[in-house]
Structures are given as structure tokens and as C-alpha cells.
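# Got a predicted structure here, sequence first:
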Amino acid sequence: MTLAPWFAEILALHVGAVTISGTLFAVRGIGRMAGWRRFDHAAVRYFSYANDTVLLVAAILLTMIIHEYPLVNAWLTVKVMLLAVYIVLGAIALHHGRTGRIRAWAFVGALATFAFIVSVAVTQNPWGALAWLAARTA
Ligand code: HEM
């Protein structure tokens with residue numbers, strides 16, 4: 001069985017989950033800093049885990065359809081590595097940062113990492129937005 005005919009639908013699922021993930025993280029981070037306890041609710045956390053699972057499963061299916069893989073194609077290697085950075089910074093921002101200052105910097109770093117991953121995805125270039133900046137200043 002080939003999944004290729006479903007590429008557009010799976011891509012839409014991936015990008016939809018990416019949009020929800022980024023928006024939810026931004027709202028949770030702001031809520032955490034503002035001290036809104038409601039955003040720490042278990043239901044919000046479980047929804048977030050479920051959505052991130054959809055994001056990752058769709059990502060894996062997409063790599064299988066286009067036959068490009070992390071550790072083989074640099075832009076996908078960078079995406080996976082930065083996904084790990086995003087997860088660690090996100091955990092510090094929402095849970096593990098000991099002071100408000102540490103949590104705030106981790107939050108900004110996580111959002112910047114997320115934006116950079118999107119630029120790597122759209123350009124399919126491991127340098128993402130940096131390649132575009134370099135081209136403009138050359
Ligand atoms: C937070 C993490 C991620 C973000 C923000 C993200 C974002 C995106 C976006 C915006 C696109 C659409 C690009 C476009 O159509 O122009 C995309 C496509 C894609 N992503 Fe992700 N992604 C993430 C994680 C991953 C991971 C971990 C993998 C691989 C293991 C992956 C594999 C792919 C593939 C294969 C495509 C399809 C590229 C194509 O159109 O041929 N993504 N991603």
C-alpha cells in the first residue's frame with residue numbers, strides 16, 4: 001500500500017497540528033507567566049500530548065512518502081534536532097524553570113526555535129531563515 005495519494009491530506013494534518021501546537025504553547029507560556037492556573041489543567045496537557053503525537057506521526061508518514069529522512073537529508077536532521085531543543089526549552093518555560101526570569105527566557109527561546117523550524121520546513125534548507133538573510137546581505 002502506498003500513502004502517496006494522501007500526501008496533501010497528511011501535510012494538512014501536520015501543518016494543522018503544528019499550528020495548534022505553537023498556538024497552544026504560546027498561550028500556555030503567557031498563562032504560566034501571568035499565573036493563570038487554568039492553563040495548567042490536566043486536560044490541556046493531555047490535549048497537547050495528543051496533538052504533538054499527531055504532529056509527529058504525520059511527520060514520519062510525510063518522510064516515508066517523499067523518501068527523505070533525518071540523518072540522510074540535512075533539513076530533516078535539523079528539524080528533528082531543533083524539535084528536541086523546542087521540547088526542552090518548552091519544558092523549562094512551562095514546568096522546570098526555577099525562577100520567572102529563567103522561565104521567561106526559555107519561553108522566548110522556545111518560540112524562536114519553533115519559528116526557525118517553520119522556516120527550515122518551508123525552505124527545505126537546513127539554514128532556514130538564515131539562508132534567506134545571508135542571500136539578502138550578499
Ligand atoms: C515543531 C516541529 C515542526 C514544525 C514547526 C514543522 C513545520 C512544518 C511545516 C510548516 C511544513 C509545511 C511546509 C510547506 O508546505 O511549505 C512541514 C512539512 C513537513 N515536515 Fe514538518 N514540522 C515539524 C516537525 C517535523 C519533524 C520532526 C519531521 C520529520 C521527522 C517533519 C517532516 C516534515 C516533512 C517531510 C514535511 C513535508 C515537506 C514537503 O512538502 O515535501 N516535520 N513541517
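That came through, no problem.
# Can you classify Leu71 by secondary structure?
Following DSSP: H, G, I helix; E, B strand; the rest coil, the label given to Leu71 is coil.
# just checking, Trp127 touches Phe116?
No. When contacts are counted by Cβ atoms under 8 Å, Trp127 is not listed as touching Phe116 (9.7 Å). For glycine as for every other residue, the C-beta is placed from the backbone atoms N, C-alpha and C.
# for the ligand, what are the nearby residues on this protein?
11, 14-15, 18, 59-60, 62-63, 66, 70, 76, 79-80, 83, 86, 114, 117-118, 121-122 (Cβ under 6 Å from any ligand atom).
# out of those, which are buried?
11, 14, 18, 59, 62-63, 70, 76, 79, 83, 86, 114, 117-118, 121 (16 or more other Cβ atoms under 10 Å).
# Just the C-alpha atoms of stretch 62-71, please, in CSV.
Written as CSV, here are the backbone C-alpha positions of stretch 62-71 (Å, rounded to 0.1, in the frame of the first residue of the first chain):
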residue,chain,number,x,y,z
LEU,A,62,5.5,12.5,5.1
THR,A,63,9.2,11.5,5.3
MET,A,64,8.2,8.0,4.0
ILE,A,65,6.1,9.4,1.1
ILE,A,66,8.9,11.8,-0.1
HIS,A,67,11.7,9.3,0.7
GLU,A,68,13.7,11.9,2.6
TYR,A,69,14.8,11.2,6.2
PRO,A,70,16.5,12.6,9.2
LEU,A,71,20.3,11.7,9.2
